[in-house]
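A.B. asks: Only the shape, not the letters, is given here:
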C-alpha cells in the first residue's frame, strides 16, 4: 500500500512539473503614453481566453499563459492595442494612446495632419461613422447641412444624380465645378459617386484661404480632403454592413382628376375665345379632342400617366471588409455592391467597388504603402420628358394601343407624333457605364530623427461610355427611322509629389514643423462621339451602328494640361498656446498663356489658446474647457476655365476657289477669340474665428467670420461685330463675399444608461459684384454691380386681375379676368423696362440640426436641414394653375377657381385655349411665379439597437447593430411646387422620394 501511495505521489509531481513547464505567469504594467502614469481598471486579455483581467491601482496585472500569446488591451477613451508576447517573455510594458476625441482629434490640413486644438484656420470635419448615416450614392449628399458654410444642392433626384457644391458663398461669375477633392492625397475631378461611403475614415473641409492656400491655384472654391480607411493595429476583423429597403414618391401635383371637370375646363377655354363661334357645349368636342380622347370620354376611361411610369423602387447595399493589422504589415480590403432602382421605371444606379490598401514597415526608417480604389458603375438615366409628359399629357389619352404596346399617337394632318409616350421613354433610357481607378503608391523614409522624406505617385483613370437610342415611336426618332448616339469620354491623371517634413524642438517652449515639397500633375483627356440614323429595326438599338443607313455625325476632341508646383509651410508653437502657420505655393499651369502662366499663393494664420494661459486659473477652468481665437489671411486662385480660352481656334470650312467647286479647308472660329494674356482669378480672404467650450464640454461653439475679395474675375465678354468674334475671355471684374459660419455641439446628458447629443449649425453670406467693366455697372438684368451674380429674379410685377370698370389704358385689348401688371416707370406703356427685381435666389441663411439619443442598448438619430430667406422662380406652378393649351393640358384643382362674373375674388385668370388671358405678360411670367423657398426637411430618422456584450460573447461576435431608417420622411414648407430644393431649372423633372430601410452592421 505504501508503494502504491508513493507511486501516485511521484506521478502527480511529474504531471504538475510538466504543466508548470507549459504554463507561466506573465506580469505587466499599463501606463498612459503621454503622462507615463499607471492606469488602473484597464482590460487585459489573451486571445482565446474569454475572461479578461483588470489592472490594479498601480496599473499592474498578472496572467497565466502558455507559449506565445497575443494580448488585447482595451480601455474607454484609449485606442485598443494588440501586443505579441514571446514564449520567453515573463514581463511586458504597455503604453496606451488616447483615442482622438474633441481637442485631441486629428484633422488633415493638406500634406500633413494637426491636432484640432492647434488648428489656426477654418476647418470642419466629419467622421466616416457620421457620413454613412444616410444611404447615398454620392458622398456630397451626406455632407449636406453637416458642414457650416458648405451648401450642397442636388442637381436631380435620379439614381446616381450629381450635386452642386458651394463653400462660403459665390466665388466667381462663371462658376466652375466647385471645390477640389483630395482623396488619399490624389487631387481628383468630377463626381464622388465612385467612392463607397463605408470606406471613408474622415472628411476635412478646408474653408478659408489660409487653410486652402497649400493647394494654390485650384483652391478658390475650397478643398475637401477625403481620407479612406486603413487597417488598424490589432487582430483580424471582418465587418459586414448592409441595408435593404424601398423608395416611394413623396408627392405629385394635385391636378383635376374628375373627368367632367377636366372636359368642361377645356370647353370653357375654347369658348372664351369666341362664345358665338364656339359655344360651350359638347359640339366643341370634335375640335378639342382627338378620336382616342372622345372614345375615352364616352366610356369614362381615365389614364393615370404618373402612376404608369412610377413605382415603389427597391434599394440595397452590401459592404464586406477585412482588416489585418498584426506585426509590421497592415492590410485592408473592402468590397461593395449597391443597387438603387429609380421611382421612375427604367432608371437605375448600380455600383461595384473594390478597395484595397497595404502598408508595410520595411525597416525602422522605411515605410511603404499602396492605396487602390476601383469602381464599375452602370447608370440608366431616363429622359426628363418622362415625368413632365406624364404630368401634362391629357389623361383622356390611352397608354396602350390595340396590340397592347405603348401607344404612338399620330396627327392625321401632319403624320407626326402628337406626343412622346412617357412609358416608351422609360423603355429606352440613356445608359452610362463608368469605370474609375484611383490609386497611389508611396514611401516614407526617416533620413534622420524628425526628418522624413515622402514620395508618392498617384493615378486617376476614368472612362465613361454613353449609349442612347431613340426608336421610331418617339418624336426624336420618328422622322429618321431611329437614332443612335454613342460617345466615349475619359482621362488619365498622373500626380507625382515629393515632400520633406522636419520637426524641430530647440527647447520645451518652442516647437517648429517645416514642410517643403514639389508636385507635378498631368492630365490627358479624350472624347469621341458618333451619331447614326435610319435603322432597319429598333430591336438592336445602338448595338449595331454599322446597320445604320445614315452616318449623321462624327466628332472627337483631345487635350492635356499640366500643373507644376512648389510648396512650403512652417508651423511654429510657443509654449503650446501661441501658434503661427505660414504657407506658400507657386503654381504653373498650362491652362494659361505664357504671359501669366505662374502664380504665387501665400497665407498666414495664427491662434491664441487663451484657455492655457496661467491667468485663467483652475477655478475658471472648472467651467471653461476651451477658449481659442484664430485669425488668418490668404490668397488662392482659380484655374477652372475652358481649355480653349487662350487659343483662337480653327474649324473646318470650304472655299469656292474657282468660283464654283468648293475645296475643303479650314477657317478661323469666329465664336471665341483667344486671349493669351489670361491670368489667375485671385481670391484674398480674411478669416477670424472663435472656439469655445464650457461646462465640462456641455456646449462647444465654433464661430467664424470671413471676408473675401476676388480680383481679375474671368468674364466671357461679348465683342462688337467689328471685332470679327462673338466673345472673348478677359480678367476684369471683382466680387466681394462676406459671411458667418456657426457650429454648436451639445452634450446635453451623459450617463451610463442615457445619452443625448445635439449638433446645430447655421450659415449665411452676402455676395455682390463690385466691378464689371469700366463705366458699366450692368451687363444683363441678372448681372449687375451690387448684386450676387445670376441670383436675381427679374420680371413684371403682378397686380391681380382686371375687373369690370377698371382702366384698360395699359392693355386696351384686355378683358375682365385677364392678368394685370404694374407700370413701374410710369410711362403708360408696358414694356421690358417695367421688369424689376422681384426676388433673390440666394438664401439669407441655412443649416442643419442633428440629434442623438441613447437609452441602454437603443439609440435614435434625427437629422433635419433648413433654408430660409430666398425666392424660387416657380413657372411650373403658373403653367399648371392657369389653363392654356399653349403651356399645359393639365390644371391644378386650384385652377377650377378661375375668374367668372360670379367669381371675381380670385387670382386665377379666365381659361383660354390660346393663352389670351396672359397677354399682359410679354415674357410669359410675372412676380406671381416668385415664391418663398423657406423649408425645414427631416432628412433622416434612425432607430437602432446594439446587441449586448453578454450575448455577443456567446456567439463570438465583436459587435452587432440592427436599425430601421426613414430618409426624408417629412417636409415643412409653404412653397407651392413639389420640392423647394429644386436646384437648377424651374420644372420638376424627377420627383423626390422617401426611403425606408432595414440595416445590419456586424463585426467579428
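C.D. replies: Received, thanks. Treat the numbers as computed from the prediction; the structure is a model and nothing was measured.

A.B. asks: Spatially central residue in the protein, please.
C.D. replies: residue 140 (2.2 Å; Cα atoms, centre = their mean).

A.B. asks: Per-residue pLDDT of it, please?
C.D. replies: At residue 140, the pLDDT value in this model is 86.

A.B. asks: ditto for residue 690
C.D. replies: pLDDT for residue 690: 96.

A.B. asks: ok, now which ones touch the nearest residue to the residue nearest to the centre of the chain once chain neighbours are set aside?
C.D. replies: Leaving out its chain neighbours, the residue that sits closest to residue 140 by Cβ to Cβ, 6 or more residues apart in numbering is residue 163, at 4.2 Å. All C-beta atoms are positioned from the backbone trio N, CA, C, and that covers glycine. Residues in contact with residue 163 (Cβ atoms under 8 Å, 6 or more residues apart in numbering) are 138, 140, 141, 144, 152, 153, 154, 155.

A.B. asks: what residue ranges in the stretch 751-900 of the chain are flagged as low confidence?
C.D. replies: 886-888 (pLDDT under 70).

A.B. asks: Spell out the residue ranges of the strands in it.
C.D. replies: Here the stretch 751-900 of the chain has its strands, by DSSP state E, counting those that start in this stretch, at 754-771, 778-780, 783-784, 792-795, 798-801, 819-821, 836-840, 845-855, 858-868, 871-873.

A.B. asks: Can you say which of those is nearest to residue 37?
C.D. replies: strand 754-771 (27.7 Å; Cβ to Cβ).

A.B. asks: Need the phi and psi values for the residue nearest to residue 544 when sequence neighbours are not counted.
C.D. replies: Spatially, and ignoring its direct neighbours in sequence, residue 544 is nearest to residue 535 (7.9 Å; Cβ to Cβ, 6+ apart). The phi/psi pair for residue 535 (degrees, to the nearest 10) reads phi -100, psi 150.

A.B. asks: separation between residue 535 and residue 543?
C.D. replies: 11 Å (Cβ to Cβ, to the nearest Å).

A.B. asks: between the two, who's got more neighbours?
C.D. replies: residue 535 (25 against 11; other Cβ atoms under 10 Å).

A.B. asks: List the contacts of that one.
C.D. replies: Neighbour list for residue 535: 481, 482, 484, 544, 547, 548, 549 [criterion: Cβ under 8 Å, 6+ apart].

A.B. asks: For those residues, work out which two are farthest apart.
C.D. replies: Farthest pair in the contacts of residue 535, by Cβ to Cβ: 481 and 544, 14.1 Å.

A.B. asks: the more surrounded of the two?
C.D. replies: residue 481 (17 against 14).

A.B. asks: Just the element for that one, please.
C.D. replies: Using DSSP states H and E, residue 481 maps to neither a helix nor a strand.

A.B. asks: from what I can see it touches residue 537, true?
C.D. replies: No: using Cβ atoms under 8 Å as the test, residue 481 is too far from residue 537 to be in contact (9.4 Å).

A.B. asks: I'd like to know which of the contacts of residue 535 is nearest to residue 565.
C.D. replies: For these, the nearest to residue 565 is residue 484 (43.7 Å; Cβ to Cβ).

A.B. asks: Next secondary structure element downstream of the helix or strand of the chain with the lowest mean pLDDT?
C.D. replies: When the helices and strands of the chain are compared on mean pLDDT, DSSP states H and E, helix 2-22 comes out lowest with a mean of 46. Per DSSP H and E, helix 2-22 leads on to strand 23-32 as the next helix or strand towards the C-terminus.

A.B. asks: shouldn't residue 973 be in contact with residue 934?
C.D. replies: Yes: in this structure, residue 973 is within contact of residue 934 by Cβ under 8 Å, at 6.5 Å.

A.B. asks: can you pull out the helices in the protein?
C.D. replies: 2-22, 128-131, 139-143, 209-212, 259-271, 285-288, 291-299, 305-309, 385-392, 422-426, 475-478, 617-621, 875-881, 949-955 (DSSP state H).

A.B. asks: With distance to residue 494 as new columns, can these be given to me in TSV?
C.D. replies: Compiled in TSV, the helices of the chain are given as follows (distance: least, Cβ to Cβ, whole Å):
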stretch	distance to residue 494
helix 2-22	57
helix 128-131	28
helix 139-143	24
helix 209-212	23
helix 259-271	61
helix 285-288	64
helix 291-299	60
helix 305-309	45
helix 385-392	41
helix 422-426	41
helix 475-478	40
helix 617-621	51
helix 875-881	46
helix 949-955	47
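
A.B. asks: give the contact list for the nearest residue to residue 471 once chain neighbours are set aside.
C.D. replies: Distances taken as Cβ to Cβ, 6+ apart place residue 538 nearest to residue 471, at 3.9 Å, with adjacent residues excluded. Residues counted as contacts of residue 538 (Cβ under 8 Å, 6+ apart) are 469, 471, 472, 473, 477, 482.

A.B. asks: any idea which of those is closest to residue 793?
C.D. replies: Closest to residue 793, out of all of these and judged by Cβ to Cβ, is residue 477, at 36.9 Å.

A.B. asks: Next, find the distance separating the residue nearest to the closest one when sequence neighbours are not counted from residue 29.
C.D. replies: Nearest non-adjacent residue to residue 477, counting by Cβ to Cβ, 6+ apart: residue 470, 3.5 Å away. Look at residue 470 and residue 29: by Cβ to Cβ, they are 76 Å apart.

A.B. asks: do residue 796 as well
C.D. replies: From residue 796 to residue 29 the distance is 82 Å (Cβ to Cβ).

A.B. asks: Mind checking which of the two has more residues around it?
C.D. replies: For the pair residue 796 and residue 29, the greater number of neighbours falls to residue 796 (27 against 18), based on other Cβ under 10 Å.

A.B. asks: list the contacts for residue 357?
C.D. replies: 228, 230, 231, 331, 332, 369, 370, 371, 372.

A.B. asks: which of the residues you listed are buried?
C.D. replies: Neighbour-count burial (16 or more other Cβ atoms under 10 Å) is assigned, among these, to 228, 230, 231, 331, 332, 369, 371, 372.

A.B. asks: Can you report how many residues neighbour the closest residue to residue 662 other than its chain neighbours?
C.D. replies: Closest residue to residue 662 apart from its sequence neighbours, by Cβ to Cβ, 6+ apart: residue 654 at 4.0 Å. Residues lying near residue 654 (other Cβ under 10 Å) number 12.

A.B. asks: these two touch, right, residue 654 and residue 666?
C.D. replies: No: with contact defined as Cβ under 8 Å, residue 654 does not count as touching residue 666 (9.7 Å).

A.B. asks: quick one on the thing from earlier: residues near the residue nearest to residue 477, how many?
C.D. replies: Residue 470, neighbours per other Cβ under 10 Å, totals 24.

A.B. asks: next one: residue 153
C.D. replies: 15.

A.B. asks: Mind listing the residues bridging to residue 523?
C.D. replies: Here residue 523 sits in beta bridges with residue 493, residue 561, going by DSSP bridges.

A.B. asks: swap in residue 125?
C.D. replies: residue 204.

A.B. asks: Number the residues from 21 up from this point.
C.D. replies: Sure, I'll start numbering at 21, so the last one becomes residue 145.

A.B. asks: need the contact list for the residue lying closest to residue 106 once chain neighbours are set aside.
C.D. replies: Leaving aside its sequence neighbours, residue 106 sits nearest to residue 88 (Cβ to Cβ, 6+ apart; 6.2 Å). Taking Cβ under 8 Å, 6+ apart, we find residue 88 in contact with 104, 105, 106, 107.

A.B. asks: quick one: which of these is most hemmed in?
C.D. replies: For the contacts of residue 88, the largest number of neighbours (other Cβ under 10 Å) sits with residue 105, at 19 neighbours.
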